[in-house]
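Model the structure of this input:
(4 chains)
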There are 2 protein chains.
Amino acid sequence: MSRDANKPSSRPRGAPRRGEAREALMQAALELVASEANFSAISLRRIARQAGVVPTAFYRHFEDLDALGLTLIEDTFRSLRAILRDAALSSMPLKGLVRYSVELFAHYVRDNQLLFQFVVKERFAGTVAMREAIHNEIVLVTNALAADLARFDEFSHISQNDLRVISDLVVNTVITLSERILDVDPDNAEDDALMLRAEKQLRLIFMGVGRWDSQPG
Amino acid sequence: MSRDANKPSSRPRGAPRRGEAREALMQAALELVASEANFSAISLRRIARQAGVVPTAFYRHFEDLDALGLTLIEDTFRSLRAILRDAALSSMPLKGLVRYSVELFAHYVRDNQLLFQFVVKERFAGTVAMREAIHNEIVLVTNALAADLARFDEFSHISQNDLRVISDLVVNTVITLSERILDVDPDNAEDDALMLRAEKQLRLIFMGVGRWDSQPG
DNA sequence: CATGAATGTGAACACGTGTACACTTTAGGT
DNA sequence: ACCTAAAGTGTACACGTGTTCACATTCATG
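Residues are numbered from 1 along each chain as shown, chains lettered A, B, ... in the order given. Presented below is the predicted three-dimensional model:
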């Protein structure tokens, strides 16, 4: 709950704070999407109301709702890319990497609940532009993972193409994990079980890699 | 005595005209969802218009939009369950099962494009009731797969719980495949590549199973 | 045929919507 | 201290929405 009441006319003849409204609109959209079905079910006016802003003010910051959505998606993945870069996963021993990665990711998803909930919902139900944006970002992550895996001796017998196939499977498994974490009641200890399951699945995949034969044809 | 003896289907009391409008409404909803972002972005009136029916007629067949959506989900999975049952996958040799299953499923998804597109979009962006319905159906499929896998000698060393973990991974991989098939241009030969990738991923998983050790702790 | 339930119809209502417009206020560079 | 572009505000309009209500039609069954 915000401290000032949701009375729009209580503002002293104009809200001077700069750039604040833009942030407020984005946050409002996230909150509403989290409490409703999805983004397309929410109106511009509702977002403005939730942000404590007059409807027409929206246009000062975004061309339309689509632009807002794209900005949120961009923000999410910019932040995620930073996390993955700083984690420096490729400089770790493969042993224990799975557990560490899963915990890192799960933690991050929980810390950015609203953003990820937005992305999960819009991945298939969003506008064409949104869907494409999300898809492209996921492709980037998958490629980065493939490049990281290539540095491990355990993957030296895997062709570049197969590395991408494997990374794709890993990324999908992690995406599924995050979808489930977000579906669970926030303060629920149940997502330990979810993490354990994902961890098992990833270890299973890596076991398969040991027997995998990347020969042409 | 009544003379409706040779009528196989006992219609409800009164004069239920052929459920023509009901079918039209469902089909209209599917078409609109396929061409728009998702279900919540479509109004009752638009569905009625597309179905060639007056708005108020909607209420003769469904309590509200949610009920329509739930019916579509139910239909999709009823049909899918039938396919999987008739396929009798568990009576096949494990060898070649992967390729066969992938092709069967891909074919089926393409044949029921609109239905699956609906389910994919509503899986995370739908109403709570819809999301739960879809989730429950997927759990059923996963359990059935686990039971099927248990019959193969190759899985005899796997604990029941791990069988579910593995089935879960397999189901998620297949779901991802269908999402991608639906994203692709319908008459595009590109989904052969998608099927090949999914097939590789499933074989990788089953390779891991060979080395998997289901011991407690 | 007559009945009555299922089904179809059109008018009406109260309301939320996106957005254009003209206006005021603010903040930062000069 | 001034000027100007950016940000904020209230009004207004045309339109689509869900849902109600009373009425018309259909048609298997008694």
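
Let me know the distance separating residue A:67 from residue A:76.
Distance of residue A:67 to residue A:76, computed by C-beta to C-beta, to the nearest Å: 15 Å. The C-beta positions use only the backbone N, C-alpha and C, and glycine is treated the same way.

got it, and residue A:169?
Relative to residue A:76, residue A:169 is positioned 22 Å away (criterion: C-beta to C-beta).

Name the residue in those two with the higher neighbour count.
The neighbour count for residue A:169 versus residue A:76, taken as other C-beta atoms under 10 Å in any protein chain shown, is higher for residue A:169 (26 against 20).

Might you report the residue contacts of the more buried one?
By C-beta atoms under 8 Å, 6 or more residues apart in numbering or on different chains, the contact list for residue A:169 reads A:205, B:173, B:201, B:204, B:205.

my read: the fourth one touches residue A:167, true?
Read that as residue B:204. No - taking C-beta atoms under 8 Å as the definition, residue B:204 is not a contact partner of residue A:167, at 11.7 Å.

Give me the domain ranges for chain A.
A:11-60, A:65-211 (automatic domain parsing).

hmm, the last one touching DNA strand D?
Right, the one you point to is domain A:65-211. No - legend: contact between domain A:65-211 and DNA strand D by C-beta under 7 Å from any atom of the strand is lacking; minimum distance shown is 13.5 Å.

as a whole number, average confidence for that domain?
For domain A:65-211, mean pLDDT is 95.

Equivalent analysis for stretch A:42-50, please.
In the prediction, stretch A:42-50 has an average pLDDT of 98.

Any part of that stretch near DNA strand C?
Yes - in terms of C-beta under 7 Å from any atom of the strand, part of stretch A:42-50 sits within range of DNA strand C, namely A:43, A:44, A:45, A:46.

Out of the contacts of residue A:169, which is nearest to residue A:60?
Distances from residue A:60 to the contacts of residue A:169, taken as C-beta to C-beta, are shortest for residue B:173 (45.5 Å).

for that closest one, what are its contacts?
When the contact criterion is C-beta under 8 Å, 6+ apart, the partners of residue B:173 are A:169, A:172, B:198, B:201, B:202, B:205.

Check whether the third one really touches residue B:174, as I assumed.
Yes - using C-beta under 8 Å, residue B:198 makes contact with residue B:174 at a distance of 6.9 Å.

who touches both of these two?
Overlap of the contact sets of residue B:198 and residue B:174 (by C-beta under 8 Å, 6+ apart) consists of residue B:102.

Between those two, which has more neighbouring residues?
More neighbours surround residue B:198 than the other of residue B:198 and residue B:174, with 26 against 20 (other C-beta under 10 Å).

Against residue B:179, how distant is that one?
Taking C-beta to C-beta as the measure, residue B:198 and residue B:179 are separated by 11 Å.

Just the contacts of residue B:173: which are in helices?
Using DSSP state H, the members of the contacts of residue B:173 that fall in helices are A:169, A:172, B:198, B:201, B:202, B:205.

Tell me the one among the residues you listed nearest to DNA strand C.
Using C-beta to the nearest atom of the strand, residue A:172 is the member of those that sits closest to DNA strand C, with 33.5 Å.

re the thing from before, nearest to residue B:91 among the domains of chain A would be which one?
In terms of C-beta to C-beta, the element of the domains of chain A nearest to residue B:91 is domain A:65-211, at 25.3 Å.
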